[in-house]
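K.L.:
This is a predicted model, with the sequence first.
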Amino acid sequence: MFQSTGMFVVLSAVTLLIGTATAAPAAQPSIVEACTRTVNDYAWYLDHPDTDLSQTAGKFADLFEEDADVILIDDDLAERPYAGRKGFMERYLDNRGHTRFLHVTSNIRVRPTSVNTATGTSYVTISLHAAGGSMKDEGAVTLIEEFRDEYRMTVQGCKFSKRKSMVRWFSINGVIEDPTPE
C-alpha cells in the first residue's frame, strides 16, 4: 500500500497517540473555565433555590473563600460589605422571603494572575420585584451590575476571594438612571 515503511511507522504512531489520547482521563478545567463556572453558578443558585433553602444557601456560600471580602448593592442601591461565608449565607436567606429575582450573566472575563489566582469582571442584568408581585408593580427594578472579582483555585475548584458590585444602569418603574457614566 505505502511505498515507504517510514510513512507507515509515522501513521501507526499517530494512530497509537490518538487512541491513547481518547482513553486518557479528562484534564482538570483551566482556571478560566473553573472561575467562569463559579460566576454562572452564583446566578444559578440565586435564581433556582432548592426546596430546602439552607441547602442552596450552603452551595451558594461555598462559591466563596471562608474569609471572602464581598461588597454588594443592597435593596436601597447602596453598597453593603459582607465578610465571610456566614454573613453571606444570612443575606441569601433574608432575601428569599421578600424578593424575587432573575439574574442574566454576560461578558465574563477571567484573567489568570498566577497558577492559582485570577481577576475578572462580569455583567449581571437583574430583574427584581417584591415576592408575590410582578415586574409591573411599583418598585420593580431592572438593573445592570458590573462585578469586579478576585478568584483563588482550591481543591474544591474556583472560589471568590473578593467580589465587588457596581451599579452601571437601573430602571425603577420605567425611569432609567445611569449612576456610573463612562
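P.N.:
That came through, no problem.

K.L.:
Would you mind finding the longest strand in the protein?
P.N.:
Ordering each strand of the chain by length in residues (DSSP state E) puts strand 157-172 first.

K.L.:
same for it, what does it pack against?
P.N.:
Judged by 3 or more CB pairs under 8 Å, 6 or more residues apart in numbering; DSSP states H and E, strand 157-172 is in contact with helix 31-47, strand 64-73, strand 117-130, strand 141-154, strand 175-177. Bear in mind the C-beta positions are built from the backbone N, C-alpha and C, glycine included.

K.L.:
Tell me the spacing between the residue nearest the centre of the chain and V70.
P.N.:
The structure's the chain has its C-alpha centroid closest to V39; by CA atoms, centre = their mean the separation is 0.9 Å. Going from V39 to V70 by CB to CB, to the nearest Å gives 14 Å.

K.L.:
same deal with E145?
P.N.:
E145 is 13 Å from V70, by CB to CB.

K.L.:
And K59, by the same measure?
P.N.:
With CB to CB as the criterion, K59 and V70 are 16 Å apart.

K.L.:
Of these two, give the one with the bigger neighbour count.
P.N.:
V70 (21 against 15; other CB atoms under 10 Å).

K.L.:
Sketch out the low-pLDDT regions of the chain for me.
P.N.:
By pLDDT under 70, the weakly predicted segments of the chain are 1-28, 75, 95-98, 131, 133-139, 173-182.

K.L.:
If we use 90, what do you get?
P.N.:
1-29, 45-61, 66-104, 125-144, 167-182 (pLDDT under 90).

K.L.:
Report how many residues lie close to A78.
P.N.:
9.

K.L.:
got the phi/psi numbers for it?
P.N.:
phi -100, psi 150 (degrees, to the nearest 10).

K.L.:
R100 now?
P.N.:
Torsion angles at R100 (phi, psi; degrees, to the nearest 10) stand at phi -120, psi 140.

K.L.:
Let me know how buried it is, in neighbour terms.
P.N.:
Going by other CB under 10 Å, the residues that sit close to R100 add up to 17.

K.L.:
likewise E33?
P.N.:
Neighbourhood size, E33 [other CB under 10 Å]: 12.

K.L.:
now M89
P.N.:
20.

K.L.:
That one should be in a strand, yeah?
P.N.:
No. Using DSSP: H, G, I helix; E, B strand; the rest coil, the assignment for M89 is helix, not a strand.

K.L.:
show me what contacts it?
P.N.:
If you count contacts by CB atoms under 8 Å, 6 or more residues apart in numbering, M89 has them with A57, G58, F60, A61.

K.L.:
A83 against E66, yeah?
P.N.:
No. Between A83 and E66 there is no contact under CB atoms under 8 Å: 10.1 Å.

K.L.:
Next, format the helices and strands packed on strand 157-172 as CSV and append distance to T105.
P.N.:
Shown next, in CSV, are the helices and strands packed on strand 157-172 (distance: least, CB to CB, whole Å):
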stretch, distance to T105
helix 31-47, 5
strand 64-73, 15
strand 117-130, 5
strand 141-154, 9
strand 175-177, 21
